[in-house]
Every structure is written in C-alpha cells, then in structure tokens.
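Visitor: After the sequence you'll find the predicted model.
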Amino acid sequence: MGLSKASCSVSLLQLFIVVFLVVQCSAKKKGAELNTTLIVDASDASGRLIPETLFGIFFEEINHAGAGGLWAELVNNRGFEAGGPNTPSDITPWTIIGNESYVNVETDRTSLFDRNKVALRLKVLCDSEGDNICPAGGVGVYNPGFWGMNIEQGKKYKVVFYVRSTGSINLTVSLTGSNGVGNLASTVITASASDVSNWTKVETLLEAKATNHNSRLQLTTTTKGVIWLDQVSAMPVDTYKGHGFRTDLAEMVAAMKPRFIRFPGGCFVEGERLRNAFRWKASVGPWEERPGHFGDVWMYWTDDGLGYYEFLQLAEDLNALPIWVFNNGISHTDEVVTSAILPFVQEALDGLEFARGDPTSKWGSLRAAMGHPEPFDLRYVAVGNEDCTKKNYRGNYLKFYGAIKQAYPDIQIISNCDASSQPLDHPADMYDYHIYTGANDLFSRANTFNHASRSGPKVAFVSEYAVTGNDAGTGSLLAALAEAGFLIGLENNSDVVSMISYAPLFVNANDRRWNPDAIVFNSYQLYGTPSYWVQLFFAESSGATLLNSSLHPIASNSLLASAITWQNSVDGRSYIRIKVVNFGANTVNLKISFDGLDPKSVHQTNMTVLTSANVMDENSFSQLKKVVPIQSTFQAVGKDINVSVPPHSFTSLDLLKDSSNLRMPGSDYSTRSSI
C-alpha cells in the first residue's frame, strides 16, 4: 500500500478542494510580494550524502502488534500456557462447547513438550447413541482468536494440533461464525485408539466457503472418551513472502521502504521484572517447543511465535538491516550487578552466533535447521533500552561492549545514553535518543542537533519519537505535522543523525495500550494515521543527497523546509524533492528559487499535500482516508516556483530533471522508487 494508491482513491471532491484551497503554482509574477523565499543550491558540488540507513522502523510487542497482528497466527493461547504452569489453570480465551453433563474440561501437565507442559484434557461424557446423546453440533472447545479470526472465502488455512486419547477419536475441526453458526470450513479427523494412544501431530488444510471477519476455530466430537489437545495452531497459507507475516500489515510496512528494523522493543525487552523479559533463546526452534511468556510491561501473553529468528527474517524480507535490542541484565524494577553479568553477556554472544555464525556452529546450526543456512546481515546491536540512569548500566554495558567488540569487531554498538548535548563517558558507536512530547515542543526540537558536536565517531539514533498526550488524539494531523517538522530538522542534521524510527509502529484497535501509533488494525481492516503518511514523505531520503537550502526571510517560526536529490529506481529518473511544513495557522506564499539549476532541465513537478479542515482530524475505520496525502501534477516553468503553502500542512514537490543535468554523489546502495 503506497501513497499513490491512496491518492487515486480519493474522491474528486477532495481533489477539487485541495486544488482550489491548497495548491497554487505558477511562474514568477512581476511585483508579487512573497512572504518567504526558499533558496536551494542545486549545483553539483553543493550536496551531502544522507546516510543510507536514515529512515527505518521500530517494532515492539505492544498493543498486540505481533501476537494477533503482524504475526499471522489466528489462535490465541495455542499451547494453553497463558494461565501459568500450575494446573488446573485458566484457558482463556478458549471456551467450552457443551455443559458439564456432556463434557468436563481441565488442564494438566502431560504435554509432549518439556518447555510447555500444560495440555488440555476433555472428558466427553456424552456419545452418539445411548442414554446421554451429545448435542447435534458436538461438544469440545473453541478459540475466538484475537478479537475474532478473519476468514476469507476461497483462502486456505493450515490447522495443526497434537492429540492423544484413551480410545478412538472422531474429531471435527471447523471454522465457524462467532456464535458457532455457519460452517465456513470443516474436516473430520478419525483415528483408532492405537493411533492416538501417544501424542500424535495432526495437520489439515481448510478452504473457506464464505467470508466472516469475526470467526472462531472449533474442535468438537460426539464420541465418548478422554481426549487431550495441545499446541493448536491455525495460520493462513497466504502470508507475506511465505514467512508467516500478515500480508496486508507487512505490505503497509514495506511501503515505508525502511532501511532498518529495530526489534523486539522497547520495554518489552526489559520487562517489569527480569523473569518476564523477552529471552531470545526461548523464542527460537520449533514453534511447538517455545514456552511463550507473559509480557508484564504491556500485560498480555505471547507464545513467541514471532521470535528472534522471525524478526531477522522480517528484516531480510523488507530489505532492511536488523538492529537487535537485547536485555543487559536490567528490568524496570530489578538489576543484575556487574560482577554477575557474564551469563547475560554470553547469551548476547550466543545470539550473535545464531544470527551470524557458520551453519556448523552451535547456534548457527539451529538457525540453519530452521531454514536459513546463510547468516543474517546483523550489523547493529543496542545494549538495553532506556537504562542509562540505572545504577548498573554503565558497568554492565562495558562488559557487553568489550566482549562483543572482541568477538565481532565490526558490530556497531548502541548506548542508551544521550550524547546530543554532552559527550559520552564510555565507548560507543552510536547513542540512542528518545522523545515523546507535545506537538509544539516536538516541532521546536527540529533544531536539537544543530549544535551537536561534528567531531568524533558518535552519531545519534533517534529510535523512538512521537507526539503524545492531548495533541495526539489517537493519531491527529497536528501530531503528524509536528513530527514532520522534527524530521526535517533531523534530515538537515543527517551528518550527525544516522537513523530515525517512529514509535509505536502498530496498534490493534481492540487493545490500545499506547497512543498514538502509526498503523491501526483489527482482524481484517487497517489504516495509516497521519503520522504514518508523514513517514512516507521521507521514504526516498535514505541514501539521497541533501542540498543546501535556506529560508529568507523567515516569515514565521512555523515554517521548515529541506531539499534533496534522489533517483527513482522504477523509471531511473532523477528528481529534486522539496519538503515544506507549515505548522502555523496562516497561509505562507513561498517562492522556491534555485541556484545552479538550468530551468530547461526541469520538465514536470509532482506536488503532494497532507492537510485537512481541522488539525485534530484523524483517520478511522469509518473514514480510512480522511487525512491522506493528495497528489497533483503541473508543468514547472522558469527558474523559480511560487507555491501557496496552506496552513497546517505538509507539502512535498518532486521536480523531474534531465539525468544529465543532475549529478548525484556516488553510492552503491540500491535506489528505491518514489511514493
């Protein structure tokens, strides 16, 4: 899903409004009084290469972003472990079909898998004949997934589960509506007592006969006996690049053209307590053997189907560099002292071997067994998350730093400590900078790195930023415009800022734990907030060339601008892109004046504007595209371009140039197409 698709679907009325009220471009008019001039030096020698890694994404398991979101598993609590290791336990959201006169359901610790021993035991008291006949639909259990399973007509779903029984089984596996009515797809699994006396893996493929966005998976029987179930999974066959990711969500991320992905958190990495922190070793290997864990920061269970391996695979699928954030022995409430940190250091080294090691190495062989014999391209690690102020952070950090540099000298190590205003007191290749604040404050922080030191190897990774609080709503235009101004400031300071990512990336609308977020979804719908669309304006900036530009005079402190040159990989043509944020309530008449540019070399200009009638306007499931960028095209004439920049707007202009008249500094990084 890209910006051009969105703009094509916008109504003619919206386009008319934008053309009439927003965009007025023409050649320079004699005597016209212009509030502000943007002077852009487009000469060959003026540019500076922007880091190839500048814009990426940050994924955290928050808001059910992965479990019930990007990871396409439909079953919630598939291993019956969410209720804890003690039995009997709560099996929520699994629900019993039939009353206690027909079936008794409980958990016990008889699972085939050592790391998750809980299994479900069904004692079926009714039968297909005799005194206690089962209800017509049978008895058993159903799982509603994550606020309903999205089942679509004609699509196939792979159902896998483990079963054993004291006798023969006749088990119906079906996809139905939320109330159990409507057979979307079903099959009957039969087996003799000898076939299922021990745990047996069952796999079946269901093809949906109809569509229901709020479906459930049922396992039912009308045969008396005792049946055990464990590790019940249902996955759509059609996933992003065949690797288990929900296609529509992954495609929306791919449209951002991220150059890196930071994962898996965030606070998810730390845990409220260390015992509940994400541990990579528990998230790799066969999915049935992963114990899962309770994320006690965001307060929900995840079976870790989306684990360390899957994150590395996702980065590769997106053509992005992975940035692994690992726990450094510190949670929100407890810390490991530096004298005892070496086991955590070894766990990090083992994780690097898993990602990069030879397929014959201990951990590299596990990666190979999972289907990826070649090493992943892991070049960056972050030692913890937001831990700089913790008592043991620096001591622990130095242990990690020394050990990693010795084993993998090329790995770039990111410190949690901010060095934007003062030097670090410890070695690091990069430092992390997080900012969540109101709209006015974030817009004013566009100049944060203007005076950062240009000497030394330390560069900034702005890995978490967003407007929050009342200004943000659940994803407002106001928030997005403030973020756009902040990003223009970071782009202009890309000699000291090398990576930028918004947070959080996803929110399931049924479990909003943080406001706002870039992409909102439920079982079958999704949309981008204005903050998402702002990021697409910068998709071509990574690896592009920053041109010197300046506003004269500065008519308002609410106007920010930048200029880049970039090459479209689809048509191979060269463009100059001007981005302008008007954060104020007044229209700004902007003259864009180019130095070092032959007017005859410019043929066409594409203009894209993000604005709306009210700064607090948002997108929603009922209005998916209330606030989206609108594109238009006009012929550029002359050396200067006059633009009426509407209040509360983000405007981007792409000027198509003759490639012979625009020489871009060399880069071996592949170019990418425009939005």
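Guide: Right, received. Where do you want to start? All figures in this text were calculated on a predicted structure; none of them were measured in a lab.
Visitor: what ranges do the helices span in the stretch 451-600 of the chain?
Guide: Ranges of helices within the stretch 451-600 of the chain are 477-492, 530-537, based on DSSP state H, counting those that start in this stretch.
Visitor: Rebuild these as JSON lines, extending it with mean neighbour count.
Guide: No exception for glycine: its C-beta is placed from N, CA and C like everyone else's. Output for the helices of the stretch 451-600 of the chain, formatted as JSON lines (neighbours: other Cβ atoms under 10 Å):
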{"stretch": "helix 477-492", "mean neighbour count": "27"}
{"stretch": "helix 530-537", "mean neighbour count": "26"}
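Visitor: In TSV, list the ones you listed along with mean pLDDT.
Guide: Formatted as TSV, those follow (pLDDT from 0 to 100):
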stretch	mean pLDDT
helix 477-492	98
helix 530-537	98
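Visitor: how about these, which one is nearest Asn150?
Guide: helix 530-537 (20.9 Å; Cβ to Cβ).
Visitor: what's the neighbour count on the nearest residue to Asn327 once chain neighbours are set aside?
Guide: Leaving out its chain neighbours, the residue that sits closest to Asn327 by Cβ to Cβ, 6 or more residues apart in numbering is Ala277, at 5.0 Å. Neighbour count for Ala277, taken as other Cβ atoms under 10 Å: 24.
Visitor: Would you list the phi and psi of Ala277?
Guide: Main-chain dihedrals, Ala277, degrees, to the nearest 10: phi -70, psi 150.
Visitor: ok so, going back, Phe594 is nearest to which of the helices of the stretch 451-600 of the chain?
Guide: Closest approach to Phe594 among the helices of the stretch 451-600 of the chain is made by helix 477-492 (17.7 Å; Cβ to Cβ).
Visitor: The residue nearest to Asn327 and Asn328, how far apart?
Guide: 10 Å (Cβ to Cβ, to the nearest Å).
Visitor: Then Ser644?
Guide: Distance from Ser644 to Asn328, by Cβ to Cβ: 52 Å.
Visitor: more neighbours, these two?
Guide: Asn328 (26 against 15).
Visitor: Just to check, the more buried one is in contact with Lys390?
Guide: No - with contact defined as Cβ atoms under 8 Å, Asn328 does not count as touching Lys390 (9.0 Å).
Visitor: elements contacting whichever strand or helix holds Val159?
Guide: Val159 belongs to strand 156-165 when assigned by DSSP states H and E. Counting by 3 or more Cβ pairs under 8 Å, 6 or more residues apart in numbering; DSSP states H and E, the packing neighbours recorded for strand 156-165 are strand 169-176, strand 183-191, strand 200-207, strand 225-236.
Visitor: quick one, which of these is nearest to Tyr300?
Guide: strand 225-236 (18.4 Å).
Visitor: got the angle between that closest one and strand 200-207?
Guide: 50 degrees (axes from the mean of the first three to the mean of the last three Cα atoms, to 10 degrees).
Visitor: partners of strand 225-236, with directions?
Guide: strand 119-124 (antiparallel), strand 156-165 (antiparallel) (DSSP bridges).
Visitor: I'd like the distance between Asp471 and Val615.
Guide: 9 Å.
Visitor: which one of those two has more residues nearby?
Guide: Neighbours per residue (other Cβ under 10 Å) separate Asp471 from Val615, with Val615 holding more: 23 against 19.
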